[in-house]
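Enquirer: would you be able to build a 3D model of this:
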Amino acid sequence: MRSDDIPRGGTADLPRRVSDRLCDQGRKSAQTCDGTDPVRSRCDDGAYTVASSRLWYHDGRGRATRPAGATVELRYSPRCGTNWSRVALDEGRTAPVGVLVCRGEGFDDCTETYATRNGTAYSDQLYAKDVEATAYALCCGVWPDIASAWVKG
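Expert: Below is the predicted model of the structure:
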């Protein structure tokens, strides 16, 4: 699957935003890159997966009980100094998924959550060149029976 075919950040059908171009043209900062699309800004060129984790269903005590058949990845672009979250279901599986990425720990400085029924998606990106980022993903059910995972790097 080409990265252009993967739903992401709510921007799939929109023209490139001014901020996407600014992030692409070397003016990289939180002001120019936060909330932009990693593909449209060309930040995905040379990007790599920092860390990944399988999604699991959990019991009422937070213990993993069964695998969900999906993986969340924290992606990093050395070109732009940005991070984003990507979630993919195992081949042949379809289910609703949601992704977001946050600077640091917790949910104080995050992208908006992007959700799709396609089964593969990625979030908008955040500038986090010298800051730890955390990728979150949800999939495959209805609350409270929903699979989740997070990974930081």
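Enquirer: now for the strand of greatest length in the chain, which elements pack on it?
Expert: Assignment by DSSP state E gives strand 64-77 as the longest strand of the chain. When contacts are defined as 3 or more C-beta pairs under 8 Å, 6 or more residues apart in numbering; DSSP states H and E, strand 64-77 packs onto strand 48-58, strand 82-89, strand 97-103, strand 133-142, strand 145-152. In short, each C-beta sits where N, CA and C put it, glycine included.
Enquirer: now residue 59: how far from residue 65?
Expert: According to C-beta to C-beta, to the nearest Å, residue 59 and residue 65 sit 5 Å apart.
Enquirer: overlap of the contact sets of those two?
Expert: Contact criterion C-beta atoms under 8 Å, 6 or more residues apart in numbering; residues shared by residue 59 and residue 65: none found.
Enquirer: flag every buried residue along stretch 136-147.
Expert: For stretch 136-147, a neighbour-count test (16 or more other C-beta atoms under 10 Å) marks 136-140, 146-147 as buried.
Enquirer: of those residues, which pair is most distant in space?
Expert: Greatest spatial distance in those: 136 and 140, 14.5 Å, computed using C-beta to C-beta.
Enquirer: next SSE after the helix or strand of the chain with the lowest mean pLDDT?
Expert: Ranking every helix and strand in the chain by mean pLDDT, DSSP states H and E puts helix 18-24 at the bottom, with a mean of 65. Counting by DSSP states H and E, the next helix or strand C-terminal to helix 18-24 is helix 30-33.
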